[in-house]
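K.L.:
A structural model of the following input is requested.
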Amino acid sequence: MKLKLVGAEAFRSIRASMSTTIAATMTVLIGMFLLGLSIALGTWVLSYSNHVKSGIHVKVYFCTATGYKQCSKDANTAQMNAVLKTLRAMPEVKKVNYIPKETALAEQAKKLPDLVDPKSMPYNPYPNAYEVTPAKAQFAKVIQNRLSPPPAGVAEVKGYDATAQRVIKVGKIVESIFLIGVALLLIASTLLIGNTIRLSIFARRREIEVMKLVGASNWFVRGPFVLEGLICGLVGSLAAVVLLVLGKTVALPAILGHVTNSSQGHALAFEAIAVIIVATGLMLAAAGSGFTLRRFLKV
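P.N.:
You can find the predicted model right below:
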């Protein structure tokens, strides 16, 4: 019976103050739309950044008499196995891939057919190598430092160069900007929604005072306003989801069609974004109603 009464009071309040209800709903819509847009764009950028960072490898090139001046002979199997054992013992190493010199020559011939012709070359200048994939991009520097000076049989170790440093630095900046942006957007949305709901409650402060004076409990007074906030949050959030769907199906393919079809980066699943938007909208609207009402309950 109490729940039915609270619901009836909430819908009566919505009809009585339609302008402030619409204002609160529109505030939720705008805030949640921007939040969804930020999550989609931010997760895509993070995914693309991680894809770029996954291309950072440490290359361990072994001695070959025909490829390096400092090498008088080719690295033997024992030396290569010793380096492999050292690499596998490092917790920063995710995977080690062996690239024989024949494969390296074939790959270069495929990439640069006009410059590299294995049939016309008197010998294979490419060395045997290990391609080391770090567990995290920033571990490339650690792995390279641990192989310095190069062990016996190793001619040089490459990977953590100026380009890799720039990629890692830019990736950290992108992650920081995304997290800070989402946090600021949530704070701004909370303040906007709270202030809009505060205006609605302020317009009915006399009604709240009368209810308190006749003996209504805090929860009985707060219930209709919280339910009203939940309704505004739900409607605004669902409207934001609808706008994002329209943007995803109509605007985005026309503007960024070549990006959305890229396999190098992908945003968070739209279903997950929709759930986050609706849940956040409900939470902010309900919290804004409940916390804003506290000062008016002190009668």
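
K.L.:
neighbours of Thr77, just the number please.
P.N.:
Thr77: 8 surrounding residues under other CB atoms under 10 Å. (Glycine included, C-beta is placed from N, CA and C.)

K.L.:
Against which helices or strands is the longest helix seen in the chain packed?
P.N.:
As assigned by DSSP state H, the longest helix anywhere in the chain is helix 162-203. Here helix 162-203 touches helix 18-54, helix 218-246, helix 270-292, going by 3 or more CB pairs under 8 Å, 6 or more residues apart in numbering; DSSP states H and E.

K.L.:
Give me the buried positions along the longest one.
P.N.:
Looking back up the chat, that one is helix 18-54. Buried residues in helix 18-54, counted by 16 or more other CB atoms under 10 Å: 20-21, 23-25, 27-33, 35-40, 42-49, 52-53.

K.L.:
can you give me the offset of that helix from its chain's centre?
P.N.:
Taking CA atoms, centre = their mean, to the nearest Å, one finds the center of helix 18-54 at 12 Å from the center of the full chain.

K.L.:
which is the next helix or strand following that helix?
P.N.:
Where DSSP states H and E defines the elements, the next helix or strand beyond helix 18-54 is strand 58-62.

K.L.:
Low-confidence bits of the protein, can you list those?
P.N.:
1-17, 67, 197, 200-201, 203-205, 207-209, 211-212, 215-222, 251-265, 289-299 (pLDDT under 70).

K.L.:
ok, now with 90
P.N.:
1-58, 63-77, 79, 94, 101-128, 135-237, 240, 243-274, 276-299 (pLDDT under 90).

K.L.:
From Tyr61, how far out is Tyr98?
P.N.:
To Tyr61, Tyr98 is 12 Å away according to CB to CB, to the nearest Å.

K.L.:
Neighbour count: these two, which is higher?
P.N.:
Comparing Tyr98 with Tyr61 by neighbour count (other CB under 10 Å), the higher total belongs to Tyr61, at 23 against 12.

K.L.:
my guess is that one meets Leu147, correct?
P.N.:
No. Look at Tyr61 against Leu147 with CB atoms under 8 Å: they stay out of range, at 10.9 Å.
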